[in-house]
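In: for reference, the sequence and a predicted model appear below.
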Amino acid sequence: MNSQQELPAHTGFNGREFRLCECIGRSVLNEEVISLDFAWEGPAPKAGQFFLLRPQRTSVFLGRPLSAAGWNLRRSKSRPVEPDILEFILAIRGKGTKELADLRPGEKAFLTGPLGRGWLEVSGAQRPGKTALVSGGVGIAPLAFFAQEQGGLVDFYAGFRSKPFCLENIKAQRIIIASEDGCAGHKGRIPDFFVPDNYDAVFTCGPESMLRTIAKKCRAKGVKCYVSLERHMACGTGACLGCTVETGSGNRRCCSDGPVFDAEDIFA
């Protein structure tokens, strides 16, 4: 019996898809970071959007929010029913992410999405001009997808604690690396040497302290900056108000009003 017979895909709140999907790939990137690929036959995501993931066999009630890290379109006129591949990168931080990290190809998980607003929906520009993407750790995920969406016409700055990961997936004109232990690229943290001069827009995802520093540098140079935030989430659709973010224009929901925001609204 296939997954469509076991649990028909259906549309839930705000028209988002709920599907039982097969894990078709798994890679260990380091001791706490895993990449997972799933077959997906639902709506195409946009860079910056996320999904809620929960293993079919699980001890947790809520799915875990993960940004799409890549989207490989495989359908063709000769093979119209072949599923597309959704790629995710996750850091093991608790029971829910540990269960996801333990998935093996052939096992299944419930995926809900795509959810939230992507980079271009918030920035309002299909081609933002000369663009820098700045990531820290697993914040590389939504930016790797964005670089793919932009056809590689970006400069990509990637910061890591130690050995880099997922760089083989990055399409960019330039890739600049920093590692805190100095094992690759610049030694130190990415905000220590990133300079926003000569960029029209900067898009960044990573630890909030990093986002704050990047946003401050951009503001000083008059460069537009957009950030992707991380919050604990329950419904993922804005109904429960469990992921509230304080902004300059009042409280907003990270899941449905974000996770991408104009940095001026968050770090004014």
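Out: Looks like it came in fine.

In: can you list contacts of stretch 245-264?
Out: The set of residues that contact stretch 245-264 without belonging to it, under Cβ atoms under 8 Å, 6 or more residues apart in numbering, is 14, 48, 50, 65, 67, 115-119, 121-122, 204, 211, 214-215, 218-219, 224-231, 233, 235-238, 241, 243-244, 265-266, 268. Placement of C-beta: from N, CA and C, glycine included.

In: pop the domain breakdown of the protein in here.
Out: Per automatic domain parsing, the domain ranges recorded for the chain read 3-115, 119-266.

In: could you identify which of those domains has the lowest mean pLDDT?
Out: Comparing mean pLDDT over the domains of the chain, the weakest stretch is domain 3-115, at a mean of 83.

In: mind listing the helices for the stretch 101-250 of the chain?
Out: Along the stretch 101-250 of the chain, counting by DSSP state H, counting those that start in this stretch, helices occupy 119-123, 140-149, 190-193, 208-221.

In: can you select the buried ones from the contacts of stretch 245-264 in PyMOL?
Out: Only the buried entries of these go into this PyMOL selection, using 16 or more other Cβ atoms under 10 Å:
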select buried, resi 48+50+65+67+115+116+117+118+119+122+204+211+214+215+218+219+224+225+226+227+228+229+230+233+235+236+237+238+243+265+266
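
In: mind listing which of the contacts of stretch 245-264 are in strands?
Out: 50, 65, 67, 115, 204, 224-228, 244 (DSSP state E).

In: quick one: which of those is nearest Glu168?
Out: Distance ranking of those against Glu168, using Cβ to Cβ, places Ser67 first at 18.3 Å.

In: surely that closest one and Lys46 touch.
Out: No. At 11.0 Å, Ser67 and Lys46 do not qualify as touching, with contact defined as Cβ atoms under 8 Å.

In: span of stretch 157-175 from start to end?
Out: Distance between the two ends of stretch 157-175: 6 Å, counting by Cα to Cα, to the nearest Å.

In: which residues sit against it?
Out: So stretch 157-175 is contacted by 29-30, 33, 35, 69-70, 87, 89, 132-137, 140-141, 144, 147-148, 151-156, 176-181, 183-185, 189-191, 194, 206, 210 (Cβ under 8 Å, 6+ apart).
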